[in-house]
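Undergrad: sequence and predicted structure, then a few things I'm wondering about:
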Amino acid sequence: MSLTNRQILLQSRPAGRPGADNFLLVETPVPELADGQVLVKHHWLSLDPYMRGRMNEGRSYAQPQPLGEVMIGGTAGEVVASRNPQFAVGDKVVGMGGWQEYAILSADQRGVLQKVDTTQVPLSAYLGPVGMPGVTAWYGLTQIIEPKAGETVVVSAASGAVGSIVGQLAKARGCRAVGIAGGPDKCGYVTGELGFDACIDYKAQRDLKSLVQALKAACPGGIDGYFENVGGTILDAVMLRMNAFGRIAMCGMISGYNGEPIPMANPSLILVSRLKLQGFIVSEHMALWPQALKELGQGVASGRIRYRESIADGIASAPEAFLGLLEGRNFGKQLVKLA
């Protein structure tokens, strides 16, 4: 029986804010498998902020997304045909299958496709807390911030796929965890369900002075570690409250993803407070992934690590769901359900 694969291609590069017209939905036949290949039917597609940077043509830490090709993206699904002895029909797998319903992969390439156990961890969680977002949180916290019990750790985008895990891991290490999120619902989730000690609603604190005052109230002993996902005014406010020898893990700068300048108001604080500010790309630290995934997997399986998903339905919904993610309309990990 012949199969049709629906795919989302990058049709054009955005000038500033991206739109639905940058993407194109196409249908293509699924070809026959060659030796060593497997056919995966995707159940879940992960949407992540890093994809916005890949849409640009400029210099970055990763190659730009080619025009006219399937958008890059993490996927979780099931092997439905195999000509590779390492994979059997029915195996649950995760990989970088892209924005499409099916993918043919040469599974002999190391790291292209990984089998996962779904008996205790749901398949979708391998794209969130037990996947790249979770490992990103774990690496930035444990390897850059290096928190000690009793210290205060602040995280922006605290209700999101990465930030929500940062705070929970910090609490598990005996820290005071303070989130920054947009709106009372998200802040209520961060403190009520995730167990953070406090959460600041940046939508209610529109200027630098009010943000600093809110941080002072939430972090009376100052800030020892900061996990940065946003940049801009939020970073300026946090830096004013950082303790001497504080550590900042620079994960993302979503406030500037559309090309907006993100000036730093007081860069001299890096020197005055002797801060460590380090950017990182989690894919460059694969040797530590097994250690991270062990802690994350056990946390999800036991219920100690909580998470939330925003789910769009069907491949055609991916562009609008992605645009919503960039504008903060998602709540937790943004996924597209494909099967």
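TA: Noted; the coordinates are in hand. Numbers count the residues shown, from 1 in each chain.
Undergrad: please make it C-alpha for all contacts and neighbour counts, starting now.
TA: Will do.
Undergrad: assign L211 to helix, strand or coil.
TA: Classification of L211 using DSSP: H, G, I helix; E, B strand; the rest coil returns helix.
Undergrad: residue ranges with poor pLDDT in the protein?
TA: Residue ranges of the chain with pLDDT under 70: 1, 59-61, 110-111, 257.
Undergrad: quick check: V178 vs S164, distance?
TA: Distance of V178 to S164, given as Cα to Cα, to the nearest Å: 11 Å.
Undergrad: who's more crowded, these two?
TA: Higher neighbour count among V178 and S164: S164, with 30 against 27, using other Cα atoms under 10 Å.
Undergrad: chain neighbours aside, what residue packs nearest to the more buried one?
TA: A158 (5.0 Å; Cα to Cα, 6 or more residues apart in numbering).
Undergrad: may I see the buried residues of stretch 2-19?
TA: Neighbour-count burial for stretch 2-19, counted by 16 or more other Cα atoms under 10 Å, picks out R6, Q7, I8, L9, L10, Q11, S12, R13, P14, P18.
Undergrad: can you check stretch 52-64 too?
TA: R52, G53, R54, M55, N56, P64.
Undergrad: in helices only, show me those.
TA: R52, G53, R54 (DSSP state H).
Undergrad: list the contacts of the top helix by length along the chain.
TA: Using DSSP H, we find that the single longest helix of the chain is helix 289-302. By Cα atoms under 8 Å, 6 or more residues apart in numbering, the residues outside helix 289-302 that reach it are Q120, V121, P129, V130, G131, G134, V135, W138, Y139, I305, R306.
Undergrad: quick one: the helices in the stretch 1-150 of the chain?
TA: 50-54, 132-139 (DSSP state H, counting those that start in this stretch).
Undergrad: phi, psi of S156?
TA: Per-residue torsions, S156: phi -90, psi 160 (degrees, to the nearest 10).
Undergrad: count the neighbours of it for me.
TA: Neighbour tally, S156, other Cα under 10 Å: 29.
Undergrad: do I have it right that it meets I180?
TA: Yes. Between S156 and I180 there is a contact under Cα atoms under 8 Å: 4.6 Å.
Undergrad: mind listing the helices in the stretch 151-300 of the chain by residue range?
TA: Counting by DSSP H, counting those that start in this stretch, the helices of the stretch 151-300 of the chain are 163-172, 184-192, 208-218, 233-241, 268-272, 289-302.
Undergrad: if you count neighbours, what's buried in the third one?
TA: Residues of helix 208-218 classed as buried under the neighbour-count rule (16+ other Cα under 10 Å) are L208, L211, V212, A214, L215, K216, A218.
Undergrad: equivalent analysis for the shortest one, please.
TA: Judged by neighbour count using 16+ other Cα under 10 Å, the buried positions of helix 268-272 are L269, I270.
Undergrad: what about that helix, distance to the chain center?
TA: 29 Å (Cα atoms, centre = their mean, to the nearest Å).
Undergrad: how about residues contacting that helix?
TA: In contact with helix 268-272 (Cα under 8 Å, 6+ apart) are residues M239, L240, L275, K276, L277.
Undergrad: which of those has the most neighbours?
TA: M239 (23 neighbours).
Undergrad: what's the closest non-adjacent residue to it?
TA: Nearest one to M239, counting by Cα to Cα, 6+ apart, is L269 at 6.9 Å.
Undergrad: show me what contacts the closest residue in space to A170 that isn't next to it in sequence?
TA: In space, and not counting its chain neighbours, A170 is closest to A177: 6.4 Å by Cα to Cα, 6+ apart. Residues counted as contacts of A177 (Cα under 8 Å, 6+ apart) are T152, V153, V154, V155, G167, Q168, A170, K171, F196, D197, A198.
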